[in-house]
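Enquirer: any chance you can model this:
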Amino acid sequence: MKDISDHDQPSTARALYLMVRQSLPLERETGLFIFASSLDVLTTWYLLYYGGTGERTWFVESNPIPRYFLYSWGFDALVYFKFALVAFVILICQVIARRNLSIGRRVLNFATLMVSVVVIYSIVLMVQNA
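Expert: Below is the predicted model of the structure:
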């Protein structure tokens, strides 16, 4: 790749190429976060569509921002919103990890823990209302 630079600084295209070419510093943690977030979407879908029939409790999205996407544009918009947040968190953690690997790992592990708590709570709600 041709290096176009000003004052011995690599071009933006070259820096981006080198970042993409290298492996991610937090691949395992990123995979776990994406897995937990996918489970969150699946449990949300189940609770919203199958969580209440007849005299059973009906579930709603309690977070006002995702609720706005859900009721304004439907479940697809909610999924897009949730995964846009996932991409944003991963991007932030990767940037942090490039400067300080241990802090980036801790932030991403904390985010995974928080999403996992939401998934566990959703599963408890499913079991209680089955």
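Enquirer: Val89 touches Phe33, doesn't it?
Expert: Yes - using CB atoms under 8 Å, Val89 makes contact with Phe33 at a distance of 7.1 Å. No exception for glycine: its C-beta is placed from N, CA and C like everyone else's.
Enquirer: can you tell me which helix in this structure is longest?
Expert: Assignment by DSSP state H gives helix 101-128 as the longest helix of the chain.
Enquirer: which stretches of this structure have low pLDDT?
Expert: 1-10, 15-16, 18-20, 52-57 (pLDDT under 70).
Enquirer: quick check, central residue of it?
Expert: Val86 (2.1 Å; CA atoms, centre = their mean).
Enquirer: quick one, what contacts that residue?
Expert: Phe33, Ile34, Ser37 (CB atoms under 8 Å, 6 or more residues apart in numbering).
Enquirer: need those in JSON lines (columns: distance to Ser116).
Expert: Converted to JSON lines, the contacts of Val86 look like this (distance: CB to CB, whole Å):
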{"residue": "Phe33", "distance to Ser116": "9"}
{"residue": "Ile34", "distance to Ser116": "12"}
{"residue": "Ser37", "distance to Ser116": "10"}
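Enquirer: out of those residues, the closest to Lys82 would be?
Expert: Ser37 (6.7 Å; CB to CB).
Enquirer: now the closest one: which helix or strand?
Expert: For Ser37, the host element (DSSP states H and E) is helix 27-50.
Enquirer: tell me what angle that helix forms with helix 101-128.
Expert: Angle of helix 27-50 versus helix 101-128, following axes from the mean of the first three to the mean of the last three CA atoms, to 10 degrees, is 20 degrees.
Enquirer: pull the residues that contact helix 27-50.
Expert: For helix 27-50, contacts defined as CB under 8 Å, 6+ apart pick out 24, 59-61, 70, 75, 78-79, 82-83, 86, 89-90, 93-94, 105, 108-109, 111-112, 115-116, 118-119, 122-123, 125-126.
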